[in-house]
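K.L.:
Quick one, fold the following:
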Amino acid sequence: ILTSLSIASTWLCGHYGLVADFPLNLVGIAIVFPVVFSIDSAYKRRESALGQLSDLRAHMVSLYQASRDWLDPKHTDFSQEVRTKIIDIYSSLSDTFIEGSKNGKSKDKKVFKKVSELSAFSQQFRLHGLQVGEMSRVSQYISKMAVALERMRVILNYRTPITLRAYSKVFIYSFPVIYGPYFQYASEHYSPGLEYFMPVIFSFILVSLDNIQNHLENPFDQVGEDDIKFKVDEFEKMLD
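P.N.:
Numbers count the residues shown, from 1 in each chain. All right, here's what the predicted structure looks like:
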């Protein structure tokens, strides 16, 4: 749509003889800089989310290994129960973050409730003879799981500032149309028909930047190749 509008603007400017040498620096200041800043901000949030997810998974694996390796081998049923609870939390976490804010609050409560239940269940380590120092480490695993989970939830709920994104979109979708007189001015030395090349390229570049920012904005929504994949089946195999 934007490409069509920018071509139509260029044609109308040529038809009515509207020509102007607009400064291209304005495009960089008004559009490219804020959009690149937004992309960089969204990318850093994605990288932070990946770090928190890896921490969460590592502490989950460590908790399961503690139930499997720190106790007498006869307590295999207990370690399998811990494994089941961990996988249940991770699966619920995947559903919560992929759905985003649709059922956010209710699903958040379910995930934190399951973490709370795991914390209460972990007290059974004492009944199976775990030492006080090792019991403290088990509690730390669960505490760090809750910290990583909360940090991921904050990344999900708080995005790049809405005002900055709105500002960028206004100029992204208006500049290729407004710059019709400039495209006519710049095409004076072009072959016939090539005056429409610049509006096509301008609109393609600006919309592409906007799309990149949109895909990175929510790293959990599974829209785009760079989103975070939870891969529940793969995580289950790690606990074998």
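
K.L.:
so where's the longest helix in the protein?
P.N.:
As assigned by DSSP state H, the longest helix anywhere in the chain is helix 33-69.

K.L.:
Now that helix: buried residues?
P.N.:
34-35, 38-39, 41-42, 45-46, 49, 52-53, 55-57, 59-60, 63-64, 66-68 (16 or more other C-beta atoms under 10 Å). Every residue, glycine included, has its C-beta placed from N, CA and C.

K.L.:
Ile228 contacts Arg46, doesn't it?
P.N.:
Yes: with contact defined as C-beta atoms under 8 Å, Ile228 counts as touching Arg46 (7.1 Å).

K.L.:
intersection of neighbour lists for those two?
P.N.:
Pro219 (C-beta atoms under 8 Å, 6 or more residues apart in numbering).

K.L.:
Would you state the helices of the chain in chain order?
P.N.:
Secondary structure of the chain by DSSP H: the helices cover 2-15, 25-27, 33-69, 76-99, 104-121, 124-127, 132-157, 162-178, 180-186, 197-217, 232-238.

K.L.:
For stretch 144-163, what is the distance to the chain centroid?
P.N.:
Counting by C-alpha atoms, centre = their mean, to the nearest Å, stretch 144-163 is centred 10 Å from the centre of its parent chain.

K.L.:
Stretch 206-226 too?
P.N.:
Computed by C-alpha atoms, centre = their mean, the chain-centroid distance of stretch 206-226 equals 8 Å.

K.L.:
Do me a favour and get the end-to-end distance for it?
P.N.:
20 Å (C-alpha to C-alpha, to the nearest Å).

K.L.:
In terms of residue numbering, what are the domains of this structure?
P.N.:
Recorded structural domains for the chain (assignment: automatic domain parsing) are 2-39+161-217, 49-159+231-238.

K.L.:
Tabulate these in a markdown table, adding columns for mean pLDDT and distance to Gly224.
P.N.:
Converted to a markdown table, these look like this (pLDDT from 0 to 100; distance: least, C-beta to C-beta, whole Å):
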| stretch | mean pLDDT | distance to Gly224 |
| --- | --- | --- |
| domain 2-39+161-217 | 87 | 3 |
| domain 49-159+231-238 | 87 | 13 |
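
K.L.:
Make a markdown table from these and add distance to Val223 to it.
P.N.:
Below are these laid out as a markdown table (distance: least, C-beta to C-beta, whole Å):
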| stretch | distance to Val223 |
| --- | --- |
| domain 2-39+161-217 | 6 |
| domain 49-159+231-238 | 10 |
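
K.L.:
residue contacts, the nearest residue to Ser187 once chain neighbours are set aside?
P.N.:
Excluding its sequence neighbours, the residue lying closest to Ser187 (C-beta to C-beta, 6 or more residues apart in numbering) is Glu195, at 3.3 Å. For Glu195, the contact set (C-beta under 8 Å, 6+ apart) comprises 10, 14, 183-184, 187.

K.L.:
how near is Glu150 to Tyr90?
P.N.:
Glu150 sits 16 Å away from Tyr90 when distances are taken as C-beta to C-beta, to the nearest Å.

K.L.:
Ok, Arg137 next?
P.N.:
If you go by C-beta to C-beta, the gap between Arg137 and Tyr90 works out to 21 Å.

K.L.:
now Met198
P.N.:
Distance from Met198 to Tyr90, by C-beta to C-beta: 50 Å.

K.L.:
And Glu117, by the same measure?
P.N.:
According to C-beta to C-beta, Glu117 and Tyr90 sit 14 Å apart.

K.L.:
same deal with Arg46?
P.N.:
As for Arg46, its distance to Tyr90 is 19 Å (criterion: C-beta to C-beta).
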